[in-house]
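Asker: Below are the sequence and a predicted model; questions follow.
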Amino acid sequence: MPDEQLMTISKFAQAVGTTRRTLLFYDQQGVFKPAKTTANGYRYYSYDQIYRMNFILSLRSLGLSIEEIKNYLSDNDSQTLNKELGALKQKVQSQIANLQQVLEVLNQKEENNTQLRDVDFYTVKRCYLPAREFWCSDFEVDCSEREIAQAYSDFYQRLGAGVMVNKRLSGFLTALPQAQAGRYADSGFRIIKERDRTAATGVPMIAQPAGDYLITKAANTGEGIERGLAAIRQWATQHGLTLGDDLWQFNLGVDVTRLGLTENSILAYQIK
């Protein structure tokens, strides 16, 4: 091939979007050789090699090791190659799922839950909440702190990496008719996390109905929650309203510290 149809290593690196140092490394490792190396060590590449190099860079971007790339490039046996490509496919699918979760976190808009954030401590607000779907744990009753922590850990392990830290709603759904504060500690509950469409899991789901709710902000302490429940119950009584049977308790933020709760939460009851 005439030298005028070849590119220097710097020109080739620019053409494929990599660096001269990377090309030297691949040459030394036996992954990708130049079309021509002169006696004084200058390396030259052909235009046809661009396609091969792009494929190698793609494999590398997927996290494959140098040895794995060499195996993919050197194995000419179709059965073995099919097996190798099957493993690569699984790896790619896993990375796609992880990237979709990252994208979900980045794309979330805080204004989605403005009604739940624009609430003062122990001041009751009536507002309309849209229907939402939540992943939920099994129904739990009479749990110790250790058992709640274990149930919380098991729940998020089932959901997978990335779900815990996204900005979607999380918290608890507690069976507590009429905001009876004195029964809160002994009531049955489910751990909940707002569903997103990018994750496919076998975790059961539960729906929060659309409708009018009474909500307030409370500190996640025994005293704080009781105070919040009392405020909701009093407001409902004063306005002649009947509350639903379920307490929706939404964490504010993602910094969970104790009993699966953040420092503060929103307490919400649907109006019947």
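Answerer: Received it, and whenever you're ready, just let me know what you need. Numbers count the residues shown, from 1 in each chain.

Asker: any idea where the helices of the stretch 151-272 of the chain begin and end?
Answerer: 222-238 (DSSP state H, counting those that start in this stretch).

Asker: Quick one: low-confidence residue ranges for it.
Answerer: 161-162, 165, 197-201 (pLDDT under 70).

Asker: Show me which positions of the top strand by length along the chain end up buried.
Answerer: In the chain, with assignment by DSSP state E, the single longest strand is strand 211-219. Within strand 211-219, the residues that qualify as buried are Y213, L214, I215, T216, K217, A218, A219, counting by 16 or more other Cβ atoms under 10 Å. Placement of C-beta: from N, CA and C, glycine included.

Asker: so who does the fourth one touch?
Answerer: For T216, the contacting residues are V119, D120, F121, Y122, T123, V124, K125, G228, A231, I232, I266, L267, by Cβ atoms under 8 Å, 6 or more residues apart in numbering.

Asker: Just the buried residues of the residues you listed.
Answerer: By 16+ other Cβ under 10 Å, these give V119, Y122, V124, K125, G228, A231, I232, I266, L267 as buried.

Asker: mind giving me a markdown table with those and columns for distance to S65?
Answerer: Shown next, in a markdown table, are these (distance: Cβ to Cβ, whole Å):
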| residue | distance to S65 |
| --- | --- |
| V119 | 51 |
| Y122 | 57 |
| V124 | 59 |
| K125 | 56 |
| G228 | 54 |
| A231 | 59 |
| I232 | 57 |
| I266 | 47 |
| L267 | 51 |
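
Asker: From those, pick the one nearest D27.
Answerer: Among the buried ones among the contacts of T216, I266 lies closest to D27 (Cβ to Cβ), at 59.8 Å.

Asker: Not counting its neighbours along the chain, what's nearest the closest one?
Answerer: Excluding the flanking residues, the one nearest I266 by Cβ to Cβ, 6 or more residues apart in numbering is F250, at 4.5 Å.

Asker: cool, Y128 as well?
Answerer: D212 (5.7 Å).

Asker: Same list (the buried residues of strand 211-219) but as TSV, adding distance to F189.
Answerer: Formatted as TSV, those follow (distance: Cβ to Cβ, whole Å):
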residue	distance to F189
Y213	18
L214	19
I215	18
T216	19
K217	20
A218	16
A219	18
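
Asker: for these, which one is nearest P130?
Answerer: Nearest to P130 among those, with distances taken as Cβ to Cβ, is Y213, at 10.6 Å.

Asker: Tell me how far the closest one lies from L247.
Answerer: 11 Å (Cβ to Cβ, to the nearest Å).

Asker: Report the set of residues contacting both of these two.
Answerer: In contact with both Y213 and L247: A268, Y269, using Cβ under 8 Å, 6+ apart.

Asker: just to revisit the earlier point, mind listing what the residue nearest to I266 touches?
Answerer: L116, L169, S170, G171, S265, I266, A268.

Asker: Which two among these are spaced furthest apart?
Answerer: Across the contacts of F250 (Cβ to Cβ), the longest gap, 13.5 Å, separates S170 and A268.

Asker: For the two, indicate the residue with more neighbours.
Answerer: Higher neighbour count among S170 and A268: S170, with 28 against 24, using other Cβ atoms under 10 Å.
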